[in-house]
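Participant: Any chance you could fold what I've pasted below:
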Amino acid sequence: MVEALLARYDAGDYEPGIASIATDAALSPRSVFRYFDDLDDLAMAAIEHQQQRLAPLWNLDIDPDAPVAERVGTFVDQRSGLLDAMGHVGRVARLRASTRPLVAAEVARVRARLRSQVAETFAAELAGLASADAQARLDAADVACSFESNDLMRQQGFDGDRSRRAMVVALDALFGIRR
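Facilitator: Next up is the predicted model:
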């Protein structure tokens, strides 16, 4: 059932009904409720399953001593892969977060982890700035590399290369890199 729901999300159906999910899973609609309390419970299970599938993509492999331009390139490649893999489930989670506290908590946890990765990757550059400037640059870098920014670019028809390039340009500007 979880896989059937994820397939519906991947197809762009963000509010599938129990009947369609059950049909896709080759089960009766009543059997869905043997395993899940309601559709929200099933959606949370799908989000958790998606997180398990994404687990290997969360680990950054970036040399903290590499030049900042190299770290930017590596970070953007790895972040883009993660954001693209989040895909439709990430969009559904953000749509549902406003009305479902458990989903909102998961989205907040993901956002905090994404932000901490930016802070860790560019700690040396941020440490050399006045506190307010460091905070502003971290805020801007976090937004530029967020799921929401990537999703907006994808909705506007940007392909992966164009989205990655936009992130690189933003980070280069924030950290004074000239290529």
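
Participant: how much distance is there from stretch 5-22 to the middle of the chain?
Facilitator: When distances are taken as CA atoms, centre = their mean, to the nearest Å, stretch 5-22 is centred 20 Å away from the chain's centroid.

Participant: ok, and the closest non-adjacent residue to residue 89?
Facilitator: Residue nearest to residue 89 in three dimensions, not counting chain neighbours: residue 50, with 4.3 Å by CB to CB, 6 or more residues apart in numbering. Yep, even glycine has a C-beta here, placed from its N, CA and C like the rest.

Participant: Can you name the residues in contact with the helix or strand that contains that neighbour?
Facilitator: If you go by DSSP states H and E, residue 50 is part of helix 39-58. The set of residues that contact helix 39-58 without belonging to it, under CB atoms under 8 Å, 6 or more residues apart in numbering, is 1-3, 5-6, 9, 18, 21, 32, 35-36, 78, 81-82, 85-86, 89, 92-93, 96, 100, 102-103, 106, 113.

Participant: Apply 7 Å and report the result again.
Facilitator: 1-2, 5-6, 18, 32, 36, 81-82, 85-86, 89, 93, 96, 100, 102-103, 106 (CB atoms under 7 Å, 6 or more residues apart in numbering).

Participant: what about burial for those, which qualify?
Facilitator: Neighbour counting with 16 or more other CB atoms under 10 Å marks 1-2, 5-6, 18, 32, 36, 82, 86, 89, 93, 96, 100, 103, 106 as buried within the contacts of helix 39-58.

Participant: Tell me the one of those nearest residue 177?
Facilitator: residue 82 (22.0 Å; CB to CB).

Participant: before we move on, the earlier item: among the buried ones among the contacts of helix 39-58, show me the least confident.
Facilitator: Minimum pLDDT for the buried ones among the contacts of helix 39-58 is recorded at residue 32 (82).

Participant: Which positions within the top helix by length along the chain qualify as buried?
Facilitator: The single longest helix within the chain, with elements called by DSSP state H, is helix 68-96. Within helix 68-96, the residues that count as buried by 16+ other CB under 10 Å are 68, 71-76, 78-80, 82-84, 86-94, 96.

Participant: mind checking the backbone torsions on residue 14?
Facilitator: When quoted as degrees, to the nearest 10, the phi and psi of residue 14 stand at phi -90, psi -10.

Participant: Could you list which residues are in contact with it?
Facilitator: 91, 92, 95.

Participant: where does the first one land on pLDDT?
Facilitator: Per-residue confidence at residue 91 stands at 91 (pLDDT).

Participant: Do I have it right that it meets residue 150?
Facilitator: No - applying CB atoms under 7 Å, one finds residue 91 not in contact with residue 150, separated by 10.6 Å.

Participant: Packing partners of the one helix or strand in the chain whose mean pLDDT sits lowest?
Facilitator: None of the helices or strands of the chain scores lower by mean pLDDT, DSSP states H and E than helix 29-35, at a mean of 85. The elements that helix 29-35 packs onto, with contact taken as 3 or more CB pairs under 7 Å, 6 or more residues apart in numbering; DSSP states H and E, are helix 18-24.
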